[in-house]
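> pasting the structure only:
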(Lines give C-alpha, C1' and ligand atoms only; values in the text may rest on other atoms or scores of the structure.)
Protein backbone atom coordinates (compact mmCIF):
# COMPACT_ATOMS: atom_id res chain seq x y z
CA UNK A 1 0.00 0.00 0.00
CA UNK A 2 1.14 3.52 -0.74
CA UNK A 3 -0.27 6.84 0.46
CA UNK A 4 0.02 10.27 -1.08
CA UNK A 5 -1.12 13.00 1.29
CA UNK A 6 -1.17 16.79 1.38
CA UNK A 7 -3.27 19.86 1.86
CA UNK A 8 -6.08 21.05 -0.38
CA UNK A 9 -5.07 22.05 -3.91
CA UNK A 10 -1.42 21.04 -3.49
CA UNK A 11 -1.23 18.85 -6.61
CA UNK A 12 -1.69 15.42 -5.04
CA UNK A 13 -3.81 13.95 -7.83
CA UNK A 14 -1.54 15.21 -10.61
CA UNK A 15 1.49 13.92 -8.74
CA UNK A 16 -0.14 10.51 -8.22
CA UNK A 17 -1.15 10.21 -11.87
CA UNK A 18 2.41 11.02 -12.99
CA UNK A 19 3.93 8.52 -10.56
CA UNK A 20 1.42 5.79 -11.44
CA UNK A 21 0.35 6.34 -15.06
CA UNK A 22 -1.05 2.81 -15.47
CA UNK A 23 -3.26 2.83 -12.37
CA UNK A 24 -7.02 2.93 -12.90
CA UNK A 25 -8.07 5.72 -10.55
CA UNK A 26 -11.38 5.74 -8.68
CA UNK A 27 -13.04 8.66 -6.87
CA UNK A 28 -13.38 8.09 -3.13
CA UNK A 29 -16.76 9.82 -2.93
CA UNK A 30 -18.25 7.31 -5.37
CA UNK A 31 -16.86 4.02 -4.04
CA UNK A 32 -18.64 1.27 -2.20
CA UNK A 33 -16.60 -0.70 0.34
CA UNK A 34 -16.37 -3.59 -2.11
CA UNK A 35 -15.01 -1.27 -4.82
CA UNK A 36 -12.52 0.24 -2.36
CA UNK A 37 -11.22 -3.20 -1.49
CA UNK A 38 -10.60 -3.90 -5.20
CA UNK A 39 -9.41 -0.46 -6.41
CA UNK A 40 -5.93 0.06 -7.84
CA UNK A 41 -5.89 3.72 -6.86
CA UNK A 42 -8.24 6.06 -4.99
CA UNK A 43 -8.29 9.82 -5.46
CA UNK A 44 -9.96 11.68 -2.61
CA UNK A 45 -9.85 8.89 -0.03
CA UNK A 46 -10.99 11.45 2.57
CA UNK A 47 -14.26 11.77 0.61
CA UNK A 48 -14.85 8.04 1.07
CA UNK A 49 -14.53 8.54 4.83
CA UNK A 50 -16.96 11.49 4.73
CA UNK A 51 -19.50 9.42 2.79
CA UNK A 52 -19.24 6.56 5.28
CA UNK A 53 -19.68 8.86 8.27
CA UNK A 54 -22.72 10.53 6.70
CA UNK A 55 -24.22 7.05 6.25
CA UNK A 56 -23.55 6.24 9.90
CA UNK A 57 -20.93 3.59 9.17
CA UNK A 58 -18.46 2.41 11.79
CA UNK A 59 -14.95 3.01 10.48
CA UNK A 60 -13.13 1.02 13.14
CA UNK A 61 -11.18 -1.72 11.44
CA UNK A 62 -11.21 0.00 8.03
CA UNK A 63 -7.42 0.42 7.90
CA UNK A 64 -6.83 -3.19 8.91
CA UNK A 65 -9.36 -4.49 6.38
CA UNK A 66 -7.98 -2.35 3.56
CA UNK A 67 -4.38 -3.36 4.30
CA UNK A 68 -5.36 -7.03 4.37
CA UNK A 69 -7.71 -7.14 1.37
CA UNK A 70 -6.04 -4.59 -0.93
CA UNK A 71 -2.35 -4.23 0.02
CA UNK A 72 -1.36 -2.85 -3.40
CA UNK A 73 -3.74 0.13 -3.44
CA UNK A 74 -2.49 3.70 -3.85
CA UNK A 75 -4.48 6.14 -1.71
CA UNK A 76 -4.51 9.89 -2.31
CA UNK A 77 -5.89 11.73 0.69
CA UNK A 78 -6.24 15.32 1.77
CA UNK A 79 -4.83 16.28 5.15
CA UNK A 80 -7.84 17.80 6.88
CA UNK A 81 -6.50 18.15 10.43
CA UNK A 82 -4.68 21.44 10.06
CA UNK A 83 -6.16 24.85 10.70
CA UNK A 84 -9.08 25.97 12.80
CA UNK A 85 -11.09 23.31 14.63
CA UNK A 86 -14.57 23.30 13.06
CA UNK A 87 -17.52 24.49 15.19
CA UNK A 88 -19.79 21.90 13.55
CA UNK A 89 -19.87 18.55 15.39
CA UNK A 90 -19.96 16.46 12.21
CA UNK A 91 -17.00 18.33 10.73
CA UNK A 92 -14.99 17.67 13.90
CA UNK A 93 -15.94 13.99 13.78
CA UNK A 94 -14.94 13.85 10.08
CA UNK A 95 -11.62 15.57 10.73
CA UNK A 96 -10.81 13.15 13.54
CA UNK A 97 -11.86 10.09 11.53
CA UNK A 98 -9.65 11.03 8.56
CA UNK A 99 -6.70 11.60 10.87
CA UNK A 100 -7.14 8.34 12.77
CA UNK A 101 -7.75 6.14 9.70
CA UNK A 102 -4.85 7.70 7.80
CA UNK A 103 -2.52 7.34 10.78
CA UNK A 104 -3.27 3.61 10.87
CA UNK A 105 -2.92 3.31 7.10
CA UNK A 106 0.39 5.18 7.07
CA UNK A 107 1.72 2.70 9.60
CA UNK A 108 0.75 -0.17 7.31
CA UNK A 109 1.94 1.51 4.09
CA UNK A 110 5.26 0.74 2.45
CA UNK A 111 5.57 4.34 1.26
CA UNK A 112 4.02 7.66 2.30
CA UNK A 113 4.61 10.80 0.26
CA UNK A 114 3.47 14.30 1.21
CA UNK A 115 2.84 16.68 -1.68
CA UNK A 116 3.26 20.44 -1.24
CA UNK A 117 3.07 22.78 -4.23
CA UNK A 118 3.17 19.76 -6.53
CA UNK A 119 6.44 18.47 -5.07
CA UNK A 120 6.45 15.08 -3.43
CA UNK A 121 8.48 14.56 -0.26
CA UNK A 122 8.85 10.97 0.89
CA UNK A 123 8.03 10.62 4.60
CA UNK A 124 8.31 6.84 4.74
CA UNK A 125 9.86 4.31 2.39
CA UNK A 126 10.11 0.76 3.76
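Nice, I can see it. This structure is a prediction, so every number in the text was calculated from the model and none was measured.
> Farthest from the middle of this protein: give me that residue.
Most distant residue from the mean C-alpha position of the chain: residue 87, 23.4 Å away (C-alpha atoms, centre = their mean).
> what's that one sitting at in phi/psi?
phi -70, psi -30 (degrees, to the nearest 10).
> any idea how far it is from residue 79?
20 Å (C-beta to C-beta, to the nearest Å). C-beta here means a position set from N, CA and C on the backbone, and glycine is covered the same way.
> and what of residue 4?
Counting by C-beta to C-beta, the gap from residue 4 to residue 79 is 11 Å.
> swap in residue 39?
From residue 39 to residue 79 the distance is 21 Å (C-beta to C-beta).
> Following element in sequence after the host helix or strand of residue 64, please.
In this assignment (DSSP states H and E), residue 64 forms part of helix 62-69. Per DSSP H and E, the first helix or strand lying C-terminal to helix 62-69 is strand 74-78.
> contacting residues around that next one?
Strand 74-78 has contacts (C-beta atoms under 8 Å, 6 or more residues apart in numbering) with 1-8, 12-13, 16, 20, 23, 40-46, 98, 102, 105.
> Turn the buried ones among those residues into a named PyMOL selection, would you?
Buried subset of those, written as a PyMOL selection, criterion 16 or more other C-beta atoms under 10 Å:
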select buried, resi 1+2+3+4+5+6+7+12+13+16+20+23+41+42+43+44+45+46+98+102+105
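> Now, the contacts of strand 74-78 that are in helices?
Judged by DSSP state H, helices contain the following of the contacts of strand 74-78: 12-13, 16, 45-46, 98, 102, 105.
> Now render those residues as JSON lines, adding pLDDT and distance to residue 33.
JSON lines is the format used below for these (pLDDT from 0 to 100; distance: C-beta to C-beta, whole Å):
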{"residue": "12", "pLDDT": "98", "distance to residue 33": "23"}
{"residue": "13", "pLDDT": "98", "distance to residue 33": "22"}
{"residue": "16", "pLDDT": "98", "distance to residue 33": "21"}
{"residue": "45", "pLDDT": "98", "distance to residue 33": "13"}
{"residue": "46", "pLDDT": "98", "distance to residue 33": "16"}
{"residue": "98", "pLDDT": "96", "distance to residue 33": "17"}
{"residue": "102", "pLDDT": "97", "distance to residue 33": "17"}
{"residue": "105", "pLDDT": "97", "distance to residue 33": "15"}
